[in-house]
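Chemist: let's see this in three dimensions:
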Amino acid sequence: FAQVRDLENSGLLIKRAAAGETGLLEGLDVRGVPIVGLGRLIPKSNWLLTCRVDANEVYAPLRRNAWQIVGMTLTVFSGLGFFITRLWRQRQHGLLHERMVAELQQKRTAARLGLVMQNAKDVILVMDEGLRILEANDQAAAAYGWSREELTGMHVRDLRAPETIGDFAHNAQSAVTASGTTFETVHRRRDGSFFPVEVSARMVESDGQKQCLSIIRDISERKRAEAALRESEERYRLIAENTSDVIWLYNISTQGFIYVSAAALPLLGYDPAEMLGKGLTATLTPESETKALHVFQQMVSDVKSGGKIRHTVVELEQRHKDGRTISTEVTASLLPAPEGGHPHHILGITRDITERRRAQQVLERFNADLEEQVELRTAELAARNQEIQGLLDAMPDTVLLCDERGALISARSLKYPAVSGLVSGQSIPGQRPI
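Modeler: Here you go, the predicted model:
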């Protein structure tokens, strides 16, 4: 309890409680020490009921807890800061390592690219976005006749033949894209000569700058080979189209003709276009169909089992479009696949042998008649020999048979058997009769 006598001189907390403040109050007591407490006036008296505790006792645990919290917070933040710092350093170290690896890889790539450029058999040009040459390899200098220094700064259009300038804009537009383009054109050398080239060009990025990389190949040999091939194909086409034999090419995989020469029309009555896609036995008679399938299957089987590719000749009967039967001789060969392995095509030549068959039949009839006549003549000669032999046997005198020169061929004598024995069954050349 506290008796309130003079509120003006009483402590702050008592004064506030006497003034009617309720709840938890903070203030000074009569000692001037900070306290925390409650106070209430007792009705009809000048006494004040109070309950107080020194503020130090109240706040000391809170202060300890606060300092502990502050310490823990500082520790957590310090650890977090250390972890973040370490993580950042590791990240920086990783980025630095990645950058160094990338730079090293870029240098290696540049070195390899340099080796490729200097040792490539094709012309390699590096150009800016305006298609002016920034760098050229040694092959470019050898191909065009300008030095690498002279090529640097030239516009790629200056390498074009005059007659190809018209499509330069289209080619250039396609070349400066990421997908690039490939085309053929004609370039000129320093001496004014021209040569065909195949150009492969596309836009690339190097050191943050866009550049056009162009690989140019001299295709003079290819063009000459293509021209020779076209000439050869034309020559063989003329032969195939003007020969009386049917030349055909059959695809084993698709089981159809892929080429038939014009001779099919006069031989079988079919236009070559009608034969395309048809099966191998489309025009054969049933007997020849079985024969042809057996022969060709045997050819393919031999090759698949490791045998050598060979050709075969077989006589087959074929049906003309009008129903007639045509005797033909088919020469067929398996063509090896370009990549090796089993053959995919059969090359064949079909020849009309109707006249040959007729000639053979005539010859066979002639031979038969001749053999019959020989047999009749032989029988006649045998009968005459028997007659002569009978006459000789009936003669008592010695009979000598000589050739046209007078040489003794044979001798027969019933009276002198020794004469017959001298020449019986043998020829004595040079002997003349006595």
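
Chemist: any idea how far Asp352 is from Leu41?
Modeler: Per Cβ to Cβ, to the nearest Å, Asp352 is found 147 Å from Leu41. C-beta: built from backbone N, CA, C; applies to glycine.

Chemist: what's the answer for Phe296, then?
Modeler: In terms of Cβ to Cβ, Phe296 sits 132 Å off from Leu41.

Chemist: give me the more crowded residue out of those two.
Modeler: Phe296 (21 against 15; other Cβ atoms under 10 Å).

Chemist: quick one: the more buried one and Val330 touch, right?
Modeler: No: if you go by Cβ atoms under 8 Å, Phe296 and Val330 don't touch, sitting 9.7 Å apart.

Chemist: name the single longest strand found in this protein.
Modeler: Using DSSP state E, we find that the single longest strand of the chain is strand 194-206.

Chemist: helices and strands around that one, which ones?
Modeler: Judged by 3 or more Cβ pairs under 8 Å, 6 or more residues apart in numbering; DSSP states H and E, strand 194-206 is in contact with helix 168-175, strand 181-188, strand 209-218, helix 220-242.

Chemist: pull the residues that contact it.
Modeler: 123, 129, 143, 161, 171, 174-189, 210-220, 223 (Cβ atoms under 8 Å, 6 or more residues apart in numbering).

Chemist: if any of these are buried, put those into a PyMOL selection.
Modeler: Buried members of these can be picked out in PyMOL with the line below, counting by 16 or more other Cβ atoms under 10 Å:
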select buried, resi 123+143+171+175+176+180+181+185+187+188+211+212+213+214+215+216+217+218
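
Chemist: what is the neighbour count of Val362?
Modeler: 10.

Chemist: what is whatever helix or strand it lives in packed up against?
Modeler: Element membership of Val362, judged by DSSP states H and E, is helix 354-394. For helix 354-394, the elements it packs on are strand 325-335, judged by 3+ Cβ pairs under 8 Å, 6+ apart.

Chemist: now the element after the strand it packs on, going C-ward?
Modeler: strand 345-352.

Chemist: report the rounded mean pLDDT for that next one.
Modeler: Averaged across strand 345-352, the pLDDT comes to 91.

Chemist: with stretch 132-147 instead?
Modeler: pLDDT averaged over stretch 132-147 gives 92.

Chemist: what does that stretch rub up against?
Modeler: Against stretch 132-147 from outside (Cβ under 8 Å, 6+ apart): 117-118, 120-128, 148, 151-156, 159, 187, 189-191, 195, 211, 216, 218.

Chemist: stretch 302-314 now?
Modeler: By Cβ under 8 Å, 6+ apart, the list of residues contacting stretch 302-314 reads 291-292, 295, 299, 329-334, 336, 342-343.

Chemist: pLDDT score for Pro34?
Modeler: Looking at Pro34, the pLDDT reads 79.

Chemist: give me the buried positions along stretch 332-351.
Modeler: Buried-residue list, stretch 332-351, by 16+ other Cβ under 10 Å: 332-334, 343-351.

Chemist: count of residues packed around the spatially closest residue to Ala282 that is not a sequence neighbour?
Modeler: Counting by Cβ to Cβ, 6 or more residues apart in numbering, Met275 is the residue found nearest to Ala282 once chain neighbours are left out, at 7.5 Å. A total of 21 residues lie near Met275 under the criterion other Cβ under 10 Å.

Chemist: what's the angle between the helix holding Val362 and strand 325-335?
Modeler: 110 degrees (axes from the mean of the first three to the mean of the last three Cα atoms, to 10 degrees).

Chemist: can you pull out the strands in the stretch 1-150 of the chain?
Modeler: Secondary structure of the stretch 1-150 of the chain (DSSP state E, counting those that start in this stretch): strands at 2-3, 25-28, 34-41, 47-54, 123-127, 133-136.

Chemist: buried sites along the second one?
Modeler: Meaning strand 25-28. 25, 27.

Chemist: give me the mean pLDDT for that strand.
Modeler: Rounded mean pLDDT across strand 25-28 is 75.

Chemist: what strands line up against that strand, and which way round?
Modeler: Sheet pairing here is set by DSSP bridges, and for strand 25-28 it gives strand 34-41 (antiparallel).

Chemist: sec struct for Glu317, please.
Modeler: Put simply, Glu317 is strand when judged by DSSP: H, G, I helix; E, B strand; the rest coil.

Chemist: that one contacts Arg324, correct?
Modeler: No: counting by Cβ under 8 Å, Glu317 stays clear of Arg324, with 10.4 Å between them.
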